[in-house]
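*Asks:* Pasted the sequence and its predicted model underneath.
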Amino acid sequence: PRVIKDTLSVMNRFAHRGNVDYATGNLDMEGDVEIEGSVKSRFVVKATGDVLIGGTLERRSTVIAGGNVIVKAGIINAKVKAGGSVFASFIQESDVEAGENLLVRNYTQESNIRVGKKATVQGNEGGERQLCLLGGVLLAGEVVDATSIGGTYGRGTRVVVGISPDLEARQAKYKKGLSFADLTIRRTMRALQSAVPGATSPAAIVVAIKRAPPNRQEFLAKRLKEMETLNKLKTSLDYHLGEIERQKEEFAARAEIRVPGTVFQKVTVQIG
């Protein structure tokens with residue numbers, strides 16, 4: 001049983017004893033998947049619910065889950081995408097994306113990690129806890145909580161907070177639409193000016209259309225209507241982009257980085 005958006009549901013759960021390897025092939029399941037062993041190199045596990053792995057995600061393996069991904073051992077040179085949160089002992093040279101939170105008990109190393117809300121890297125191993133968030137990029141929407149960042153050997157590490165992946169994706173989509181509208185408006189305007197020499201503005205084009213032969217009026221009026229529609233679209237996109245910028249500023253204002261230990265050399269910190 002599970003509560004999803006205030007609704008109580010009963011999910012299927014598939015339990016697999018052993019590893020995901022050549023004996024089983026890839027797994028693609030509705031509901032939850034519980035794997036007793038490891039996901040071997042190059043194999044893929046997909047589930048609409050949670051994925052629980054008792055062993056390791058090995059090199060070039062992939063896990064995609066609609067819910068949480070829980071890896072009791074480590075993630076090594078693998079790819080993980082979770083709609084919910086990701087939990088692991090360590091992450092090494094991997095691409096990890098979590099819609100909600102991230103909890104790593106030990107360390108991350110040379111990985112590209114994106115987290116919708118809070119990322120916690122505890123650094124429970126390593127004596128002085130210098131091996132915690134080492135190399136790579138960690139992007140979290142709200143909070144990064146790491147015992148230390150970087151290392152004594154000066155590996156480049158980048159930590160970014162206060163950026164919403166959803167807002168970034170929407171902004172990129174609107175900007176692409178705005179570029180298309182601008183380009184189409186310029187092309188349509190050039191076509192109208194070519195058809196109506198001397199008309200340099202929409203108002204002048206309207207006057208010229210009224211004076212044009214009947215067989216040309218319909219064509220020119222249609223082009224002018226297209227340009228007016230595109231201008232309205234451009235105004236709408238400009239408004240939405242402004243709203244996204246405002247939301248991004250509010251998002252960045254709530255961001256926080258907590259490092260009780262040390263931030264070493266070659267570390268870049270970005271907020272918003």
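*Replies:* That came in fine, so what should we check first?

*Asks:* mind showing which ranges of the stretch 101-250 of the chain have poor pLDDT?
*Replies:* Scanning the stretch 101-250 of the chain for pLDDT under 70 picks out 125-130, 154, 195-202, 215.

*Asks:* where do the strands sit along it?
*Replies:* Remark: strands assigned in the stretch 101-250 of the chain by DSSP state E, counting those that start in this stretch are 102-115, 118-121, 133-140, 143-146, 157-161.

*Asks:* Go through those strands and name the closest to F43.
*Replies:* Shortest distance between F43 and the strands of the stretch 101-250 of the chain, using C-beta to C-beta, is found for strand 102-115: 19.8 Å. To be clear about C-beta, it is placed using only N, CA and C from the backbone, and glycine gets the same treatment.

*Asks:* so how far is that closest one off the chain centroid?
*Replies:* The chain centroid and the centroid of strand 102-115 are separated by 15 Å under C-alpha atoms, centre = their mean, to the nearest Å.

*Asks:* Now do the contacts for I75.
*Replies:* Taking C-beta atoms under 8 Å, 6 or more residues apart in numbering as the criterion, I75 is in contact with T56, L57, A88, F90, I91, Q92, S94, V96.

*Asks:* now, the most widely separated pair of the residues you listed?
*Replies:* Farthest pair in the contacts of I75, by C-beta to C-beta: T56 and V96, 14.2 Å.

*Asks:* These two: which is more packed in?
*Replies:* Taking neighbours as other C-beta atoms under 10 Å, T56 and V96 compare with V96 leading, 28 against 22.

*Asks:* from what I can see that one touches F87, true?
*Replies:* No. At 11.0 Å, V96 does not count as touching F87 under the criterion of C-beta atoms under 8 Å.

*Asks:* Need the residues touching each of these two.
*Replies:* Jointly contacting V96 and F87 under the rule C-beta under 8 Å, 6+ apart are L102.

*Asks:* Contact partners for the most centrally placed residue in the chain?
*Replies:* Residue closest to the mean C-alpha point of the chain, counted by C-alpha atoms, centre = their mean, is P165 at 4.3 Å. Residues counted as contacts of P165 (C-beta under 8 Å, 6+ apart) are R114, G116, L139, G141.

*Asks:* Any chance of JSON lines for those residues, columns distance to L224?
*Replies:* Formatted as JSON lines, the contacts of P165 follow (distance: C-beta to C-beta, whole Å):
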{"residue": "R114", "distance to L224": "45"}
{"residue": "G116", "distance to L224": "45"}
{"residue": "L139", "distance to L224": "45"}
{"residue": "G141", "distance to L224": "44"}
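
*Asks:* Highest neighbour count among those residues?
*Replies:* Tallying neighbours with other C-beta under 10 Å puts G141 at the head of the contacts of P165, with 26 neighbours.
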